[in-house]
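[1] The sequence and its predicted three-dimensional model are supplied below.
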Amino acid sequence: MVKLLTFLARQIGNPKLANKLYRTVKQGTPINLTKAEYRDFLPIRHEFMKLSKEAKPFQPGVLLRKEMFYQPKLGDKGGGSLSRGYFSSSKNVPMVDVDLPDPLSHAATQIVFKNKKDWATNFFDIMNRTKGGRKSAWKLYDTPAGIRMFDISKAHRGTKPYVYEGFSRDLGGDPSYIRYSKLRDRFDARLFPKPGRKGDFVAKPLNQMREKKVFIGKDAEVDPRSWKEVRTVHDQLIDIITRNSKEQKRISLGGLFDRIGHF
């Protein structure tokens, strides 16, 4: 990374941007780029983002990944936003990512339902009508532009993404996320607020339809390992990161990432 930033400062001639990038990597402070800064960043972007990646085992079957995250700026204003990012990556608990219409976040090809009501109608239909639905159990979350679904059933624990693909599509999962999961052979979840998105809460329990923490199919059993994994690897880490983001203006796990990785 130092070589890339030195190249940016000396060869491209933007030491101010080099210092800005160094601070966001080391301190976790999100930054906004001007159009001119993005043009200077572009020659080193690929290598910079690649060198910033690091993954560690957090629990058996679960990785915690740290990397830099770039959020493009739509329209003609600014050059996007950049921050440190954290992702969980699980082989145990299938996740379905449902995108709802949002011109600032999603392309039309990602959208399956026009609103949350349509999603809910489809969700309960599948839960009641299909064998996979009756055997599934769910922790559901609102996201700023959609719905995040974790299948914590015993029947589906450890199901490979390529096997889970058809069920995920029936539930309205984002096709891009499905393809990405198959390529990585894991289910990833973003744990941090997107840079440049004001008020991003990442994910919070979806309780608007019923006062239930888990939605259980007629023939389903909740796997306690999956329930605990979502709680510790997803809920608790999001709480830590969002609190640090609000209080310290930093994307940080407070040193936790440096202390894990002993499995």
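    Looks like it came in fine. Numbers count the residues shown, from 1 in each chain.
[2] need the strands for the stretch 101-250 of the chain, in chain order.
    Counting by DSSP state E, counting those that start in this stretch, the stretch 101-250 of the chain has strands at residues 137-143, 146-151, 187-190, 204-205, 215-216.
[3] what angle sits between the longest one and strand 146-151?
    Going back to what we said before, that points to strand 137-143. Between the direction of strand 137-143 and that of strand 146-151, the angle (axes from the mean of the first three to the mean of the last three Cα atoms, to 10 degrees) works out to 160 degrees.
[4] Can you tell me the number of residues neighbouring Phe87?
    Phe87 sits with 18 neighbouring residues when counted by other Cβ atoms under 10 Å. In short, each C-beta sits where N, CA and C put it, glycine included.
[5] do Gly85 as well
    Applying other Cβ under 10 Å, we find 24 residues neighbouring Gly85.
[6] Give the closest residue to it in space, chain neighbours not counted.
    In space, and not counting its chain neighbours, Gly85 is closest to Phe69: 3.4 Å by Cβ to Cβ, 6 or more residues apart in numbering.
[7] Is the one you found part of a helix or strand, or is it coil?
    Reducing the assignment at Phe69 to three states with DSSP: H, G, I helix; E, B strand; the rest coil gives strand.
[8] Quick check: it touching Gly80?
    No - between Phe69 and Gly80 there is no contact under Cβ atoms under 8 Å: 10.5 Å.
[9] How is the protein partitioned into domains?
    If you go by automatic domain parsing, the domain ranges for the chain are 1-52, 89-245.
[10] quick one, which of these is packed in tightest?
    Ranked by mean neighbour count under mean count of other Cβ atoms under 10 Å, these are led by domain 89-245, which reaches a mean of 18.
[11] could you give the mean pLDDT of the helix or strand containing Arg45?
    Under the assignment given by DSSP states H and E, the secondary-structure element containing Arg45 is helix 35-51. Mean pLDDT, taken over the full extent of helix 35-51, equals 93.
[12] Same question for stretch 66-81.
    Per-region confidence: stretch 66-81 scores 82 on mean pLDDT.
[13] Cool, thanks, talk later.
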